[in-house]
Structures are given as structure tokens and as C-alpha cells.
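Undergrad: here's my sequence, what's the structure:
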Amino acid sequence: LSRSLEELAVTFISETIESIKPTPLKPAVPLNIRQEMFQKQQKLEQYITISKELIAGLSQAQSKEEKERIMCDVREWSRYVKFEH
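TA: Numbers count the residues shown, from 1 in each chain. Modelled structure (predicted):
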């Protein structure tokens, strides 16, 4: 009787293990895509930093000419960033 229970347990465990399907792993993101994403993040951070500096300069500008020059820089910077993407 104990032999048959042992065989039954072994069969049950074996069938259970075989029926469990491993979770497929997500393929790793290729290195070139990671590098591209990192570069885009760097460009975005640069865009944000420069934009903040320009806006801060605009808020401190005294003359109309200075404000116009800064706004020209803002437009030029925005065009440059759009061209890059």
C-alpha cells in the first residue's frame, strides 16, 4: 500500500511539474534602443533646462528689446529641438 501511495505521489508531482508552463520572459530591449532612449532623455532634459533659463531671463528683462531678443531665442531653440526630432 505504501509503495502504491509513493508511486501515486510521484506521478502526481511529475504531472504537476510538467503542466506548469514557465512564464515567457520579455525580450530584452536591444542596446541601441536603450542608447537612443537615453539620448532622447538627455536632449529633453537639455531642452527643459535651456527653456527654463530663457523664461527666467524673460521675466527679468527690463527693456522691450531685451524681451524681444529672448523671445527670438525661445522660438529659435524650439525650432532647433523640433528639427532634431
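
Undergrad: pLDDT score for the residue most central in space within the chain?
TA: Taking Cα atoms, centre = their mean, the centroid of the chain lies closest to Met37, which sits 6.3 Å from it. In this model, Met37 is scored at 88, pLDDT.

Undergrad: please shift the residue numbers so they start at 27 in all later answers.
TA: Okay, using 27 as the starting number, the last item reads as Met63.

Undergrad: and it, which of the three is it?
TA: Under DSSP: H, G, I helix; E, B strand; the rest coil, Met63 falls in the helix class.

Undergrad: how close does it sit to Ile46?
TA: Here the criterion is Cβ to Cβ, to the nearest Å. By it, Met63 lies 35 Å from Ile46. Just so you know, the C-beta spots here come from the backbone N, C-alpha and C atoms, and that holds for glycine as well.

Undergrad: could you do Ser89 as well?
TA: For Ser89 relative to Ile46 (Cβ to Cβ), the value is 74 Å.

Undergrad: so for stretch 98-108, what gets flagged as buried?
TA: Residues of stretch 98-108 classed as buried under the neighbour-count rule (16 or more other Cβ atoms under 10 Å) are Val100.

Undergrad: how about low-confidence regions in this structure?
TA: Scanning the chain for pLDDT under 70 picks out 27-28, 47, 109-111.

Undergrad: that one: strands as residue ranges?
TA: Counting by DSSP state E, one finds no strands in the chain.

Undergrad: can you give me the helices in it?
TA: With helices called from DSSP state H, the chain shows them at 28-45, 57-86, 90-110.

Undergrad: what's the closest of the ones you listed to Leu51?
TA: Closest to Leu51 of the helices of the chain, according to Cβ to Cβ: helix 57-86, at 16.9 Å.
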